[in-house]
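In: After the sequence you'll find the predicted model.
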Amino acid sequence: MSRLKGAPSPPSAARPVGTAGFVLPALVLIGVFLVFPALWTIYLGLTDYRLTGLEAADPRVVGLDNYTAALGDERFRGSLWLTVQFVLGSAVIGQAVLGFAIAWVLRDRRGPVKRVTEGLVLLAWILPSSVVAFLWIALLDRDEGTLNALLHTPGAAWLLDHPMPSIIVFNVWRGTAFSMMLYGAALSNVPPSLLETARLAGASTLQQLRDVVLPHIKGHVLTNLLLISLWTFNDFSTFQITAGGPDGRSEILPVYIYNVALSGGRLGFGAAISFLVLLVNLVFAVAYLRLLRSRRTDATPKAAP
Amino acid sequence: MRPAFAVLAGAVLVVAGCGTGGGSGGSGDEITLVITANAISGGKNSESAEWTEKWVIPRFEAAQKAKGRNVRVRFQPSGVADEQYKTKIALDLKSHAGADVIDLDGIWVGEFAQAGYVKPLAEVAGPEVDAWEGWSRIPPAVQGLGVFDGKRYALPQGTDGRVLFYNKKLFAAAGLPSDWRPKSWQEILDAGAALKKAGVPVPIQIDAGTAMGEATTMQGVLPLLAGAGAEIYADGKWTGATQALKDVLGFYRQIYTTGLGDPKLQQEAQGRDKSFARFAEGKVGILAEGDYFWRSVIEPKTGVAPMAARDADVGYALIPAERPGVGIRGQDAVSMSGGAVRVVNPFSKNPKPAWELLSFMHSAEATTAQLAGAVRITSRTDVNDKVLSVDPMLKFVSDEVLPITAYRPPLAVYPQVSVALQEATAEVVSGRSVEEAAAAYQRKLESIVGASNVSR
């Protein structure tokens, strides 16, 4: 009200209050749903809190015991290594490369081929994960799996003998759509005239990609890698296919946390691992954001002339 | 804000939406009670779910109406692995929510009680509990399933026993007797070898590994350990990497590394259910299970893997000790028993009606009605005396297995020890040596219960 009356007053006086007013609801939401749980996780990680038993009623603070236990636990270290394989294999190599390849091949195409391909890739992305998990179990099952019927390999236990490759292929299939769409949009920003010139100058496809396309979409590549690495690092949908098994051989960190904290009831220990995961996420994010920023500062002077 | 929140909580937790408005009095004094169990019509423990829905609920509601009370009862079914069900119930109780009457495995009572998730029945529902007519009908050993620290936390539903089931048709094809009575572990292995020779795909199924969860411990490790002369917890100490434990792991190793068992089946997420289906299909020769397998899995009509000719085709035998006379208490044969219980949710808004419902579910009339579909060994001697003669298998368990059986220690730390045992079998099944697996088990056990509480 008062602001309306004093409409011509200098904006500098009104803005802080106005800005704060607009930002406040968002900050409250972030505080309640993000900052508080994160702080609470840190606290829980310092206790021996359990789902059942005496420690559930009366948790004690045990300091850094959970962290030293985690770092000394071969199951945790194994899980960390599996997660690295999962992120590199399914996101950085699988989704990003396949997504780019599809976008590149389809870039000039029109008509049903493009629409059908894009539709199928998108379908894998938008289906509910429980449905998708069931489809993949039906595909890879040892006894009545579709894949064994197609390959005439009865009894091949894909999920038991090759659990990591199975979930990596699964996640590539599941998540390629995002990379495909992002690169598709990025490629449409590459001026066709530049590509034309490069072609006339006799540049091979590889050279065109390296010298013309990549410089133009570098920012998109980094954004894409940042997002899909983070998503994959935190992905839980493989739980529905292998549940981390057999014997923990596909137990990536999110599944490990679930198995330890909820199935095993060690909530305090699980919270400590969650905090470590949070730290890894932050490191990822900061590294990528820095790359992005340096890219932008590089690009500005070059673009000027 | 508050009514909205109450509605939301009611919708999400499927707790009594109407009940939250209680206390205000007035005309609509209806209360709602919820029963939950890991049972679902047409799936897991189907007969129990149907008994709850079709017998308990209508009769209890009618009985309450006759007393002038307006009580509605709903059943919240579930059909998942026992460990998942346990997690769900623990989370419900942790947030002071959940059903009013809850089905639990007796072995969880200790840790739930320590966490404050369940309370002594008399504390929850008042002096009516100790005055209940049923207590005198339940033998103390069976009451023990629901007792912790000397207090009654739960009503036991019944008890069970573990035996070796075998397929008589496959036995005939392998030249083995139809009234098989193994005297030692070696005779089990010999029978397995004969079955393998006759082309049976899975000669022996003894649950192993972590994917099978508590089934590995209960159907496999603990009966075998008892057969080797040791209990998992005795005289205040937990059994470490003793010779008895190494013998058990050695037995597993012999089965799973010489083609007498299917090691992959032990690793699959749905391995136990698959092993049931395989047995029903006639692909498994010998399978160690509780009588649950007989009455709920291969039961010809309502089982999850029904066998039409169960009574003719399936035999059962006591689990032999490693060698005659070396079992616990010098026995020739051994078993393990447990049993499900029911508790009243201590956070129930209507604890007294909930206790009335619970005791109604455990009355002689209700217990008898539950047996209409499938006979089982109930907690009530008055009912057992009448019904057990109907089913020879359950009579066998009652007469021959229960006298030689043993129980798991009702301690909160037991589930963690159980997981360590499962992991030890998993290692042996996937090819590691007995010595390695036993040493790893010893390390884990010491970190769980403390080195001074481990015998070796």
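Out: Yes, it's here.
In: Going by C-alpha atoms from here, please, whenever you check contacts or count neighbours.
Out: Noted.
In: Residue of the stretch 51-200 of chain A closest to chain B, please.
Out: A:G53 (4.1 Å; CA to the nearest CA).
In: ok, whatever residue of the stretch 101-250 of chain A ends up closest to chain B - contacts?
Out: Per CA to the nearest CA, A:P246 is where the stretch 101-250 of chain A lies closest to chain B, at 5.2 Å. Contact analysis of A:P246 by CA atoms under 8 Å, 6 or more residues apart in numbering or on different chains lists A:L160, A:P163, B:A211, B:Q267, B:E268, B:A269.
In: How about the spatially most central residue of chain B: what's its closest non-neighbour residue?
Out: With distances taken as CA atoms, centre = their mean, the residue of chain B nearest its centroid is B:G339 (5.3 Å). If the residues on either side of it in the chain are set aside, B:G339 comes closest to B:T159, at 4.6 Å by CA to CA, 6 or more residues apart in numbering or on different chains.
In: before we move on, what about B:L445?
Out: B:L445 sits nearest to B:V417 (CA to CA, 6+ apart), 6.5 Å away.
In: And the helix or strand containing the one you found, what does it pack against?
Out: Element membership of B:V417, judged by DSSP states H and E, is helix B:414-429. Helices and strands touching helix B:414-429, by 3 or more CA pairs under 8 Å, 6 or more residues apart in numbering or on different chains; DSSP states H and E, are helix B:214-215, helix B:243-257, helix B:434-449.
In: could I get the ones you listed as TSV with mean pLDDT and mean neighbour count?
Out: Formatted as TSV, the helices and strands packed on helix B:414-429 follow (pLDDT from 0 to 100; neighbours: other CA atoms under 10 Å in any protein chain shown):
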stretch	mean pLDDT	mean neighbour count
helix B:214-215	92	22
helix B:243-257	96	21
helix B:434-449	94	18
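In: Quick check, the residue in chain B closest to chain A?
Out: B:E111 (4.1 Å).
In: Neighbours of that residue, how many?
Out: A total of 24 residues lie near B:E111 under the criterion other CA atoms under 10 Å in any protein chain shown.
In: wait, doesn't it sit right on A:T52?
Out: Yes. Assessed by CA atoms under 8 Å, B:E111 is found in contact with A:T52 at 5.4 Å.
In: shared neighbours of the two, anything?
Out: Joint contacts of B:E111 and A:T52 (CA under 8 Å, 6+ apart) are B:A412.
In: So the closest residue to A:N234 other than its chain neighbours versus A:V280, what's the distance?
Out: In this structure, A:N234 finds its nearest non-sequential neighbour in A:P254, 6.0 Å apart by CA to CA, 6+ apart. Applying CA to CA, to the nearest Å, the value for A:P254 to A:V280 is 13 Å.
In: what residues does the stretch 201-305 of chain A put near chain B?
Out: With CA under 8 Å from any CA of the partner chain as the criterion, the stretch 201-305 of chain A meets chain B at residues A:T242, A:A243, A:G245, A:P246, A:D247, A:L262, A:S263, A:G264, A:G265.
In: tell me the least confident of these?
Out: Across those, the smallest pLDDT goes to A:G245, namely 76.
In: which residues sit in contact with that residue?
Out: Going by CA under 8 Å, 6+ apart, A:G245 touches A:L160, A:P163, A:E251, B:A211, B:Q267, B:E268, B:A269.
In: hang on, it is in a helix, isn't it?
Out: No. Judged by DSSP: H, G, I helix; E, B strand; the rest coil, A:G245 forms no part of a helix; its state is coil.
In: quick one, phi psi at it?
Out: Here is the backbone geometry of A:G245 (degrees, to the nearest 10): phi -90, psi -180.
In: Which parts of stretch B:41-49 count as buried, going by neighbours?
Out: B:S41, B:G43, B:K44, B:N45, B:S46, B:E47, B:S48, B:A49 (16 or more other CA atoms under 10 Å in any protein chain shown).
In: actually stretch B:150-160, sorry about that
Out: B:R152, B:Y153, B:A154, B:L155, B:P156, B:Q157, B:G158, B:T159, B:D160.
In: Likewise for stretch B:94-109?
Out: Buried residues in stretch B:94-109, counted by 16+ other CA under 10 Å: B:94, B:97-109.
In: that older thread, can you tell me which of the contacts of A:G245 is nearest A:L230?
Out: A:E251 (17.2 Å; CA to CA).
In: Now do the same for that closest one: helix, strand or coil?
Out: coil.
In: Next one: it from chain B, what distance?
Out: 13 Å (CA to the nearest CA, to the nearest Å).
In: A:I30 now?
Out: From A:I30 to chain B the distance is 21 Å (CA to the nearest CA).
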